[in-house]
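J.: Got a sequence here, can you model it:
(one chain, ligands or ions: 1)
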Amino acid sequence: MPSNDVIPGGGKPPPDWILELTEQLPGVIFQLHRDPDGRMHFPYLAGSGAQLTGIDRRDLAQSALPALERLAEDDHPRVMAAIERSARWQRPITTKFRLRMADDRLSWIALRAQPRKVETGVLWYGLMIDISEQMVEEERLRRLSDTDDLTGLANRRKLMQRLEEEISLSNRHALPLSLMMLDLDHFKSINDTWGHLRGDQVLTELATLCREVLREEDLVARLGGEEFALLLPLPPETHCRQLAERLRERIAAHDFGIGQGRITVSIGVAEHRIGDSCETLIRRADESLYAAKHGGRNQVMTGA
Ligand SMILES: Nc1nc2c(ncn2[C@@H]2O[C@H](COP(=O)(O)OP(=O)(O)OP(=O)(O)O)[C@@H](O)[C@H]2O)c(=O)[nH]1
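T.: Next up is the predicted model:
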């Protein structure tokens, strides 16, 4: 295979306007070469992004290591595996990763590269582009779609997603998991007496109280209206019921601005049993909540 497989333009110097064009590109275009023994280097690198890492291109033309060392620790194995797969199956690489820049900032980079077998190993033709802004926006949208507008708690969608994950873990490793359903008592009359805005304020303060009582790893979600769900991974055996009691007492003692003791909640607790699905666990917590309401409200009930 002639050496012009490695050097764009077949070894002839490219015209000035091509050089200028490639250097002005808002990203990086490159060739990445890998020897049969796995050593990599960038025979060609161009684009305005090429300076941002602060690594000299001449060093990268010798070895790709200085760039690979800048990969975020969590992303390194995934990127190496993508390169390996691409080389083995001759499939394009499509990945994204975080790369440490000269100013120590981590930037999100999207990479696309097409591999080609050459006599000396594998040669990729690719491009990289900074997608940090898109990633921030994606994260903002994801948060929005997971969050309840009024209280800032997780919403039903987020709860269902976490519940699926936790139940799958609990079923696989027999880990404890509890679900509490919490519903405000006679909330309609609070709204009717004090107005909808005050009702909203009660919901927001209630969310804060729940968060204060729970631990970081627990999830508090507003399911809609005056109904909340609390998901507790790994609670010690009797912990969940005690916690529900503490929360109930704390709420009953709190002054929501309409006089102490006006706001109470009913709580239904269900503990995960091996083999439970989301629906089964929710149904059992709902049944406990129903029992708490019918037992006179302002109380905690656990499943049979
Ligand atoms: N302020 C406010 N009220 C809401 C919101 N969502 C639902 N509600 C009200 O919550 C009340 C729920 O009433 P019900 O389902 O009858 O329940 P309840 O009065 O709490 O009675 P029990 O649950 O049986 O103790 C209704 O008046 C809804 O209008 C909200 O976002 N803000």
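
J.: And the residue of the stretch 1-150 of the chain found nearest the ligand, which helix or strand is it part of?
T.: Closest to the ligand within the stretch 1-150 of the chain is L150: 5.6 Å, counting by Cβ to the nearest ligand atom. Using the backbone N, CA and C atoms, a C-beta is placed for each residue, glycine as well. For L150, there is no host helix or strand (DSSP states H and E).

J.: residues in the stretch 151-300 of the chain within reach of the ligand, list them.
T.: The stretch 151-300 of the chain comes close to the ligand at residues 183-188, 191, 196, 199-200, 203, 225-226, 293, 297, as judged by Cβ under 6 Å from any ligand atom.

J.: Show me the residues you listed that map onto helices.
T.: F187, K188, N191, H196, G199, D200, L203, K293 (DSSP state H).

J.: Could I have the buried ones of those as PyMOL selection syntax?
T.: Per 16 or more other Cβ atoms under 10 Å, the buried members of those correspond to this PyMOL selection:
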select buried, resi 187+191+199+203+293
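
J.: returning to that earlier point: from what I can see the residue of the stretch 1-150 of the chain closest to the ligand touches L203, true?
T.: Yes - taking Cβ atoms under 8 Å as the definition, L150 is a contact partner of L203 at 6.0 Å.

J.: hey, what's in contact with both of these two?
T.: R222 (Cβ atoms under 8 Å, 6 or more residues apart in numbering).

J.: quick one, what contacts A102?
T.: Q51, L52, T53, G54.

J.: What distance do you get for it to G54?
T.: Going from A102 to G54 by Cβ to Cβ, to the nearest Å gives 3 Å.

J.: Please apply the same query to E164.
T.: Per Cβ to Cβ, E164 is found 43 Å from G54.

J.: Please spell out which residues along stretch 64-80 are buried.
T.: Applying 16+ other Cβ under 10 Å to stretch 64-80 flags A64, A67, R70, L71, D75, V79 as buried.

J.: Determine which two of these are furthest apart.
T.: A64 and D75 (15.0 Å; Cβ to Cβ).

J.: What is the burial count for I18?
T.: I18: 13 surrounding residues under other Cβ atoms under 10 Å.

J.: And it, how close does it get to G54?
T.: In terms of Cβ to Cβ, I18 sits 25 Å off from G54.

J.: Check F256 too.
T.: 56 Å.

J.: quick one: which of the two has more around it?
T.: F256 (21 against 12).

J.: Quick check on the more buried one: phi, psi?
T.: Per-residue torsions, F256: phi -90, psi 10 (degrees, to the nearest 10).

J.: from what I can see it touches D200, true?
T.: No - F256 is beyond contact range of D200, at 11.3 Å (criterion: Cβ under 8 Å).

J.: from the buried residues of stretch 64-80, which is closest to Q90?
T.: Distance to Q90, by Cβ to Cβ, is smallest for V79 among the buried residues of stretch 64-80, at 17.9 Å.
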